[in-house]
Each structure stands twice: as structure tokens, then as C-alpha cells.
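Colleague: Mind looking at a prediction? Sequence and model below.
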Amino acid sequence: MGEIIKLLPSGISNFEVIRKNNRYYVDKTQYIAELEGTDNYLFYGRPRRFGKSLFVNTLAAYYDVKNKDRFDELFSGLWIHDHPTKDWAKYQVLVLDFSKVSGDVDNVEAKFNEYCCLQLFAFAMKYEDMYYKGFADDVKKLKDADGCLNMITTFAAQFGHPLYLIVDEYDNFTNTILSLHGESVYRAITHGEGFYRELFKKFKGTFERIFLTGVSPVTLDDLTSGFNIASYVSQKPELNRMLGFSEIDVKEMIKYYHTVGMIKGDLQQQTDFIISTIKPWCDNYYFSMSSFVNGEPPMYNGMMVMYYLKCYMSEGEFPYDMTAPNTMIDYGKLDHLIKLEQLKNNDMRGSIVRKAVEEKYVLGVVKEHFPARYLVEDENFISLMYYYGMLTITGRMGALAKLTIPNNNIRKQYYKYILENFCTVVRIDNNELAICFANAAILGNWHEMFAYIADMFKENSSNRNADEKVIHGFYMCCFSSDPYHLLCPEMELNHGYCDIFLMPDKRLSDVKHSFIIEYKYVKTDSKDDEITTKLAEAKAQLKVYSAAEQIKNMTIGTTLHCIAIVFKGFDMVKIEEV
């Protein structure tokens, strides 16, 4: 019999299930040793769908005293098997996953208590033979999370059993409450004698080790009011690659599936094709400024990589819509966070979300922690967007970080959100827009596409100040819906930056036309000669951009159209092809 193929563990976050069922596992166990060499109480944050749950499940399996005789079974072939740490299989491990707690504000306390009691009872059953007969039943009778936890920690200390607490998605239901019900309801839970705060008080001192994961440190700061229950290690350079996949990881995965026959053809050609296709959609995450400065490669979102590879291996092609559904931003939460930001600055042009879309980068300090009441401050809102994975480190200017949208997956979600907000003030006929895109990409009839978007822009912008950035942002939002091209804003070409490059999607053989677009803007009282000058400037720039070697490579098989556009106020007054 041949080798049993290791299937991708898409959606599986249980380490033991992956190992027992021979699923493909990207080895991250070297970071167990890194963590053990730091403080005993740690907080590590990453965006949603970045592999947090699988990693904490790996920690639980490694440190569980019940797995002392299963070391080879669980860890054979992994880094940690050859480098076991001193605390291996030392602890009784309690795992709490607060994504299981409903964010329904009317029932959240009851649901929280119910979930915790269930987990504490399961813990007592698992380790009962290390206490006394009937221990689990005694825990179950208490029916109160505080009481159950007190009993377990008291008897653990009495019997001399060290405890390890792992809390996954610690801020999941509190973030939901903050975004949907506001700060006053959120504060009732996380401040004073709120039930969540009261439970957190009992953690430190009763557990020898604590490992907390979540998206952002905001809730933790509120729960502890600045008293550090845990060291914030999310931005430690040595832990930058603890979650997510490096490009080496991705190439090893491609090599494995090529070896077992699930990816066919020449290995190098297939590797180059797969990497070049998925990289713009799921790469480019940095979680440490030091890692960026020192030239370390960025990280891929592992969930996205597996989604794309699974489609490619089963269908022979990548998904038509490359926006991975499992990584979609929660628009309800995003909308609330944007409204919070606008409490400080009601000018939509001043919106940080707009800046991220319209400019090369935004500047800010990524803070390790801050309370929810300071979310209205620009610097903290920027940090929150970074923690959510909506921005990533792309450089620095003095003491400030340069932050930009990491990849096309996230960029398209920004555009979708902004476009949906445009739709509340102007009617956008998505079917008409889709027809315009098809005519431009397949037939080369681009005039109606630009005319339709220009009309929508004028209708939408009647109550706003128009300038080049506003125009650029609106057009990018519209082009984000184009299924035939990859939207590349501000691409560097021959030492300059084009406004928009619509790169043909090489997966689609019927795409015959590609576009470079350059916008210019003049004020409403400008004369004709100024319009002529601006048009000439745009044309000159387009000639330079179109001569770039990478443009020739990226547009092979298509006719390249270089479009110069001049706006006067809200009106498109000139549009010419170079």
C-alpha cells in the first residue's frame, strides 16, 4: 500500500485530532520552548483565523500531565520531540474558549457562568483520580463558576498539583458587546464588580502559568485596569512567526502535495505559479517592527493558504472569488469602530479608514494595550486596526510605524465596506457596473465604464469636498468589484507610482485588456489651459509607467490601455487614452 496522504486540516483546531488522523501539520512546536523561557503569565494577540486555537490546543496537549505516556504518539517527528522542555507534561490544564460564550447582552452572564461551570466540571472529571472519589460531583453541585474555580484551585494547592490556565479568544464576546451595545454595557461587565472582571481577579496567583489569546489587548487592559495580569508578547520579534505560515512553510506544503501527486506538473513551475497567485491575497503580515527592520520575510495567513490550496488541488484552479470567506471582517463591528473614531473627527476625509485606502500608509504608534474608553483617539484606533489584521507594519518614520493594508483580501473588504456605505447615499447599479467591467476587460470597450463611475462619483460627492484623493478612493472602491482584474493601487513603476493598475487575472483566459489609470484634479474655477497642462502631465506619467519591464510581463496576452483623466470639481472633463 502507498503512503496515506496527509489531508489539509482546514477548520480543525484540535491538535490530537490532526496528529491521530494524519493531517498536515505546520510545525510550530519550537515556540513552546520560546514561551516557556519567558514570563509565566502571557498575552499573545493575533487577528481572527490566524491559527490561535490550534496553537493553544497544542500547548494544552504538550503540558497535560495526563499525556505523560503519549509523548511519542503526539509529538514524534516534531521539533519539540527532540527538544523537550523541563515543564513537559507537568500540569493539570484548564482550557477556556470564550468564543463559545454568546454576546447576547441579556443572557451573557448566565451563558458565561454556564460555560465555565461545564468546563470546570469536565476538568474535575478528567483529573478526579488525582484528588478523591466524588471530587467531580462535588464541583458540579456548586453550579457557580466562582465557586467551582475556588474549589478546584484550593484542592489543587492542597494536593500539590500545579495548574496551567489557557484562555482562547478571551475577548470574543466582550468585543461583540462593545461593538453592538456600546461602552456602558461593556464597562458593566469588565469594570467594578462585573462578573468577567471578578473571575479574572482569581486567575493570578492560583495558576502557575497562564496563556491568554485574543484579537486585541483592549479588554485585558480594562479587566485589570492597568495591572498586568500578563506580559504582552504579541510584538516580540522572536514570536513574530509563531502563528501564520512563512513562505518556506508554504513551499514545503506545495512540495509535499506535489510528491503525493495532488499537485501535478513541474514542481518549480507549479511552486512559482501558486506562490505568485496567492501571495498578493494572503501574505505581507508583520507583527514586530524589529522583524521588519531586520529584513525577516512577512507571514502568510495560514487559513487563507489552506483555503486556496484545497480549491486548487480539488478543482484544478483557484477560486473565482479569491476573497477567502473565513477571513471576512465583521462589518457590524467595523462600522461601530468607525463611528467611535468619528466621535472625535466627523470629517469623513479625516477618517483613518479612508486614509488607509487612499494613501500609501498611515502613521501611528502601535500600542501594547489601552482601555476601550480611549478608542476615540486616533493613535489607539490605528492600533486596534493593526490588531484586527486590517493594517500591518510596512516601515517606520522615526518613532512612528508606517502601517498599510496587508493584502488584496483585506483591501477588497475595505472597499466593500466603503462601497456599501456609498450605496446608502447614492444608488449604484451593481449589475450595470458588472456589464461595464465585462465590456472593458473582454471587448476593450472602456469608455462606458469610466463614464458610469464618473456619474456615480458626481452624484455621491455633491455634499463633499472633491480632490484627487477622494476621486482616487472612490474609483478604487468601484474597481474592487471588477472580477477580471487584480486592483493594484499606487504600484511603483519606473521610480514613480501610478494611481491604479488593473492587472489582468491570469486565471481567466477571456480577459484581453488591461489598464493603467492616472487621475488629475483642477479646481472648479480653473481655466482650460490648466486642464490641458494637467492632462499632459498625466499622459507623460503614463508613458513612463507603461514602459516598466514588470508591466510588460504582467500584461502579456492583453492590450494595455493607458487612461488619463482630469476632473474639474466633481466633473470628469477630460479622458484620453495614451
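Modeller: The structure has been received and is ready for your questions.
Colleague: where does the stretch 351-500 of the chain have low pLDDT?
Modeller: Flagging of the stretch 351-500 of the chain using pLDDT under 70 yields the residue ranges 351, 376, 418-428, 460-467.
Colleague: ranges for the helices of it?
Modeller: Using DSSP state H, counting those that start in this stretch, the helices of the stretch 351-500 of the chain run over 352-358, 378-387, 408-422, 430-438, 447-460, 468-479.
Colleague: Can you tell me which of those is nearest to Ala136?
Modeller: Closest to Ala136 of the helices of the stretch 351-500 of the chain, according to CB to CB: helix 378-387, at 38.0 Å. The C-beta positions use only the backbone N, C-alpha and C, and glycine is treated the same way.
Colleague: Look up how far Glu359 lies from Lys402.
Modeller: 10 Å (CB to CB, to the nearest Å).
Colleague: Please identify which of the two sits among more neighbours.
Modeller: Remark: of Lys402 and Glu359, Lys402 carries more neighbours, 18 against 15, as counted by other CB atoms under 10 Å.
Colleague: Provide a list of residues in contact with the more buried one.
Modeller: Tyr361, Val362, Leu363, Ile393, Thr394, Gly395, Arg396 (CB atoms under 8 Å, 6 or more residues apart in numbering).
Colleague: Could you list everything it pairs with in the sheet?
Modeller: Leu363, Gly395 (DSSP bridges).
Colleague: on that earlier part again, just the buried residues of the contacts of Lys402.
Modeller: Buried members of the contacts of Lys402, scored by 16 or more other CB atoms under 10 Å, are Tyr361, Val362, Leu363, Ile393, Thr394, Gly395.
Colleague: Could you find the closest non-adjacent residue to Val101?
Modeller: Nearest residue to Val101 in three dimensions, chain neighbours excluded: Phe173, at 4.4 Å (CB to CB, 6 or more residues apart in numbering).
Colleague: Could you do Gly364 as well?
Modeller: Nearest non-adjacent residue to Gly364 (CB to CB, 6+ apart): Ile382, at 3.6 Å.
Colleague: gap between the two ends of stretch 549-559?
Modeller: Stretch 549-559 has an end-to-end distance of 15 Å (CA to CA, to the nearest Å).
Colleague: contacting residues around it?
Modeller: Taking CB under 8 Å, 6+ apart as the rule, stretch 549-559 contacts Gly444, Leu493, Phe501, Met503, Pro504, Val511, Lys512, His513, Ser514, Ile516, Tyr545, Leu560.
Colleague: Pull the contacting residues for the first one.
Modeller: For Gly444, the contacting residues are Lys512, His513, Thr559, His561, taking CB under 8 Å, 6+ apart as the criterion.
Colleague: Which one of those residues is nearest to Glu114?
Modeller: Looking across those and measuring by CB to CB, the closest to Glu114 is His513, at 58.5 Å.
Colleague: What backbone torsions are found at that closest one?
Modeller: Dihedral angles of His513 (phi, psi; degrees, to the nearest 10) stand at phi -140, psi 140.
Colleague: can you count the residues close to it?
Modeller: His513 - counted by other CB under 10 Å - has 21 other residues nearby.
Colleague: ok so, going back, could I get the buried ones among the contacts of Lys402 in a markdown table, plus columns for distance to Ser179?
Modeller: A markdown table is the format used below for the buried ones among the contacts of Lys402 (distance: CB to CB, whole Å):
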| residue | distance to Ser179 |
| --- | --- |
| Tyr361 | 26 |
| Val362 | 21 |
| Leu363 | 25 |
| Ile393 | 25 |
| Thr394 | 27 |
| Gly395 | 30 |
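Colleague: coming back round to it: which one of the helices of the stretch 351-500 of the chain lies nearest to Asp69?
Modeller: helix 378-387 (39.6 Å).
Colleague: Mind giving me the packing neighbours of the closest one?
Modeller: helix 331-344, helix 352-358, strand 362-364, strand 400-404 (3 or more CB pairs under 8 Å, 6 or more residues apart in numbering; DSSP states H and E).
Colleague: So which bits of the last one are buried?
Modeller: In this case it means strand 400-404. Buried, per 16+ other CB under 10 Å, within strand 400-404: Ala401, Lys402, Leu403, Thr404.
Colleague: Make sure the last one is actually in contact with Met385.
Modeller: Looking back up the chat, that one is Thr404. No - Thr404 lies out of contact with Met385 (CB atoms under 8 Å); the separation is 10.8 Å.
Colleague: which neighbours do the two share?
Modeller: Ala356, Leu391.
Colleague: okay, how far is it across stretch 59-67, tip to tip?
Modeller: End-to-end span of stretch 59-67 (CA to CA): 12 Å.
Colleague: Same check on stretch 285-304?
Modeller: 13 Å.
Colleague: outside of it, which residues touch it?
Modeller: Residues contacting stretch 285-304 (CB under 8 Å, 6+ apart): 10, 26, 46-47, 49-51, 234-237, 239-241, 243-247, 249-250, 278-279, 281-284, 324, 326-327, 366, 389, 392-396, 401, 406, 409.
Colleague: Just the buried subset of those residues, please.
Modeller: Neighbour counting by 16+ other CB under 10 Å classes 26, 46-47, 49-51, 234-236, 239-241, 243-246, 249-250, 278-279, 281-284, 324, 327, 366, 389, 392-395, 401, 406, 409 among the contacts of stretch 285-304 as buried.
Colleague: now the contacts of Gly444 in CSV, with secondary structure?
Modeller: Listed next are these as CSV, based on DSSP: H, G, I helix; E, B strand; the rest coil:
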residue, secondary structure
Lys512, coil
His513, strand
Thr559, strand
His561, strand
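Colleague: Can you tell me which of these has the most neighbours?
Modeller: His513 (21 neighbours).
Colleague: how near is the residue nearest to Gly364 to Asp222?
Modeller: 19 Å.
Colleague: Asp499 now?
Modeller: 42 Å.
Colleague: When the two are compared, which one has more neighbours?
Modeller: More crowded of Asp499 and Asp222, by other CB under 10 Å: Asp222, with 27 against 23.
Colleague: And that one, its phi and psi?
Modeller: Dihedral angles for Asp222 - degrees, to the nearest 10 - are phi -70, psi -40.
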